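>>> I need the structure of the sequence given here:
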Amino acid sequence: MPHDDVTLPAGDAAGLMPESGDFSDHVRLMRKAPPEVAVLVGTGACESVVAALDSLGITHVVTSVDDAHRAIAEAGPFTFMILGTDAFQDDRGVEEVRGWHRFAPAARLKLVVSGSLSDASLLVRAMRVGVNDVLNADEPAAVEISLRGGWERSRLTRERVLAIGSHPDDIEIGCGGTLLDHRRRGDSISLLTLSRGALGGNEGARIDEACTTAAVIGGQLFLGDLPDARIDAGLSTIRLIEAVVAHVDPTVVYVHSPHDSHQDHRAVSVAARSATRTVRRVFGYQSPSATNEFNPTQFVNIDSVITRKVELLKMFHSQDGRTYLEPELVVAGARYWARHLGATARYAEPFELVRSVGELRHVASAPAYISNSVIGATDGSDRVGSDLTGGFS
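Numbers count the residues shown, from 1 in each chain. Model prediction:
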């Protein structure tokens with residue numbers, strides 16, 4: 001798989017990036033963040049809307065109303081869903097649009113009309129699904145102003161998430177579900193893996209797997225080259241993490257818990273605690289080598305993404321045979337931790353609190369579980385129903 005193999009620019013972090021000779025290599029941006037996407041449904045795909053999106057650098061996916069479910073499922077998280085009037089011909093359209101919106105619940109909904117909107121019932125149906133603006137296709141300047149304003153507001157409200165791990169697969173095991181849910185909600189995701197895991201498998205294969213899973217999560221991947229099994233918790237590692245923190249400017253960080261029997265995990269946890277001292281929210285995730293002292297007090301509902309997490313972990317083919325990656329064990333662990341979230345949650349990821357000023361957003365807004373769903377759902381929810389073992393291959 002090709003990589004966007006570029007040295008991380010120092011930017012405002014001048015002096016924080018290690019100089020040549022401090023490490024065997026600089027931190028590299030192996031995969032860039034994916035472009036923002038807008039989905040244009042039916043007559044919403046008009047010339048003025050396309051031109052405005054092009055001016056903002058937003059990729060657009062065009063689909064008919066009849067094919068919208070498939071196209072939206074394949075599009076991944078999107079910033080806008082821009083709908084034509086043909087999406088609201090009757091109340092059935094309301095339910096269809098609600099289903100499409102579940103794939104990206106933070107997306108802003110716009111309705112496109114030509115001229116004035118005289119059908120009050122159509123406007124009511126649009127408002128029922130959360131449409132927050134009506135665009136007149138014949139007024140391109142107004143269309144661009146509306147889309148630019150919505151785009152800027154979405155950038156201000158989204159989380160900037162940084163997940164830090166020692167080796168390829170650490171992040172995905174510890175907080176892969178949480179990252180998938182962040183991305184589903186429209187947040188920007190960055191992953192920093194500090195070593196290439198050479199002692200745990202073929203280095204090239206592990207790098208490819210890290211790039212592939214970062215793409216599935218929808219995040220950018222920074223890769224360091226610290227020595228596997230010999231990561232130090234001192235100044236050099238702190239500086240390396242500081243450089244990425246300064247570049248990403250995260251609002252929330254996920255990193256190894258210090259309660260871990262693996263020396264690399266402990267070292268990264270200690271170094272990250274110092275390097276992220278300016279970040280308001282930092283949480284420690286569990287790894288398979290966590291000790292009995294791991295004592296989580298925050299739990300993220302991952303009902304909506306549990307199937308995707310299982311599929312994500314299957315992509316680490318170089319780690320085949322590791323029992324902690326087996327689907328049954330992944331699901332059982334998530335099932336166990338969900339007991340802390342009450343009767344409605346089915347699956348959760350646990351976190352220790354390192355630092356928090358403000359709430360972990362997912363705790364308050366995690367999606368509710370809906371029963372009678374099976375693995376492989378294509379409605380954007382990916383929920384697991386009661387037949388757990390039958391759903392895994």
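
>>> Tell me which stretches of the chain form helices.
47-56, 68-75, 91-101, 120-128, 140-157, 170-184, 203-217, 235-248, 263-275, 306-314, 327-337, 361-365 (DSSP state H).

>>> Any idea which of those helices gets closest to residue 196?
Among the helices of the chain, the nearest to residue 196 by C-beta to C-beta is helix 203-217 (5.0 Å). No exception for glycine: its C-beta is placed from N, CA and C like everyone else's.

>>> Packing partners of the closest one?
strand 28-31, helix 170-184, strand 188-195, strand 219-226, helix 306-314 (3 or more C-beta pairs under 8 Å, 6 or more residues apart in numbering; DSSP states H and E).

>>> Could you check the second one and say which residues are buried?
For helix 170-184, a neighbour-count test (16 or more other C-beta atoms under 10 Å) marks 170-184 as buried.

>>> That one vs strand 219-226, what angle?
160 degrees (axes from the mean of the first three to the mean of the last three C-alpha atoms, to 10 degrees).

>>> what angle do helix 170-184 and helix 327-337 make?
Using the same axes, to 10 degrees: helix 170-184 against helix 327-337 is 70 degrees.

>>> pull the CA atoms of stretch 57-67 into PDB?
Taking Å, rounded to 0.1, in the frame of the first residue of the first chain, the C-alpha atoms of stretch 57-67 are listed here in PDB:
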ATOM      1  CA  GLY A  57     -12.100  22.100  -1.100                       C
ATOM      2  CA  ILE A  58     -14.800  19.600   0.000                       C
ATOM      3  CA  THR A  59     -15.200  16.400  -2.000                       C
ATOM      4  CA  HIS A  60     -18.700  15.600  -3.000                       C
ATOM      5  CA  VAL A  61     -20.600  12.400  -3.600                       C
ATOM      6  CA  VAL A  62     -23.600  12.600  -5.900                       C
ATOM      7  CA  THR A  63     -26.400  10.100  -5.600                       C
ATOM      8  CA  SER A  64     -30.000   9.600  -6.600                       C
ATOM      9  CA  VAL A  65     -32.700   9.300  -3.900                       C
ATOM     10  CA  ASP A  66     -33.200   5.600  -4.800                       C
ATOM     11  CA  ASP A  67     -29.500   4.800  -4.400                       C
END
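
>>> returning to what we had before: hey, which of the helices of the chain is tucked in deepest?
Most buried of those by mean neighbour count (mean count of other C-beta atoms under 10 Å) is helix 170-184; its value is a mean of 27.

>>> who's in contact with residue 315?
209, 212, 213, 216 (C-beta atoms under 8 Å, 6 or more residues apart in numbering).

>>> can you tell me how far the second one sits from residue 319?
The one in question is residue 212. To residue 319, residue 212 is 13 Å away according to C-beta to C-beta, to the nearest Å.

>>> if we can go back for a sec, among the buried residues of helix 170-184, which has the minimum pLDDT value?
Of all the buried residues of helix 170-184, residue 184 has the smallest pLDDT value, namely 92.

>>> leaving aside the residues next to it on the chain, what's closest to it?
Excluding its sequence neighbours, the residue lying closest to residue 184 (C-beta to C-beta, 6 or more residues apart in numbering) is residue 77, at 5.9 Å.

>>> State the distance from the one you found to residue 35.
Residue 77 is 11 Å from residue 35, by C-beta to C-beta.

>>> Is it possible to get CSV of the helices and strands packed on helix 203-217 that adds distance to residue 327?
Shown next, in CSV, are the helices and strands packed on helix 203-217 (distance: least, C-beta to C-beta, whole Å):
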stretch, distance to residue 327
strand 28-31, 25
helix 170-184, 13
strand 188-195, 22
strand 219-226, 23
helix 306-314, 5
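
>>> Please identify which of the ones you listed is closest to residue 287.
Between those, helix 170-184 lies closest to residue 287; by C-beta to C-beta that is 5.4 Å.

>>> Let me know the angle separating that closest one from strand 188-195.
Using the same axes, to 10 degrees: helix 170-184 against strand 188-195 is 170 degrees.

>>> In the stretch 1-150 of the chain, where is pLDDT below threshold?
For the stretch 1-150 of the chain, applying pLDDT under 70 flags the ranges 1-26.

>>> If we use 90, what do you get?
1-27, 76-77, 89, 115-120, 132 (pLDDT under 90).

>>> just to revisit the earlier point, can you put the helices of the chain in a markdown table and add distance to residue 349?
As requested, the helices of the chain are exported to a markdown table (distance: least, C-beta to C-beta, whole Å):
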| stretch | distance to residue 349 |
| --- | --- |
| helix 47-56 | 34 |
| helix 68-75 | 24 |
| helix 91-101 | 24 |
| helix 120-128 | 33 |
| helix 140-157 | 23 |
| helix 170-184 | 5 |
| helix 203-217 | 14 |
| helix 235-248 | 21 |
| helix 263-275 | 16 |
| helix 306-314 | 9 |
| helix 327-337 | 7 |
| helix 361-365 | 9 |
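
>>> if we compare those, which one ends up closest to residue 285?
Among the helices of the chain, helix 170-184 sits nearest to residue 285 (C-beta to C-beta), with 3.3 Å.

>>> Report the distance from the closest one to the chain centre.
Distance of helix 170-184 from its chain centroid, counting by C-alpha atoms, centre = their mean, to the nearest Å, is 7 Å.

>>> angle of that helix against helix 306-314?
Using the same axes, to 10 degrees: helix 170-184 against helix 306-314 is 140 degrees.

>>> Need the CA coordinates for helix 170-184. PDB is fine.
Taking Å, rounded to 0.1, in the frame of the first residue of the first chain, the C-alpha atoms of helix 170-184 are listed here in PDB:
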ATOM      1  CA  ASP A 170      -2.000  -0.800  20.400                       C
ATOM      2  CA  ILE A 171      -4.300   2.100  19.700                       C
ATOM      3  CA  GLU A 172      -6.800   0.000  17.800                       C
ATOM      4  CA  ILE A 173      -7.000  -2.500  20.600                       C
ATOM      5  CA  GLY A 174      -7.300   0.000  23.400                       C
ATOM      6  CA  CYS A 175      -9.500   2.700  21.900                       C
ATOM      7  CA  GLY A 176     -10.400   1.700  18.300                       C
ATOM      8  CA  GLY A 177     -14.100   1.700  19.000                       C
ATOM      9  CA  THR A 178     -13.900   5.100  20.600                       C
ATOM     10  CA  LEU A 179     -12.000   6.500  17.600                       C
ATOM     11  CA  LEU A 180     -14.500   5.000  15.200                       C
ATOM     12  CA  ASP A 181     -17.300   6.700  17.100                       C
ATOM     13  CA  HIS A 182     -15.400  10.000  17.200                       C
ATOM     14  CA  ARG A 183     -15.000   9.900  13.500                       C
ATOM     15  CA  ARG A 184     -18.600   8.900  13.000                       C
END
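
>>> Brilliant, that's me finished.
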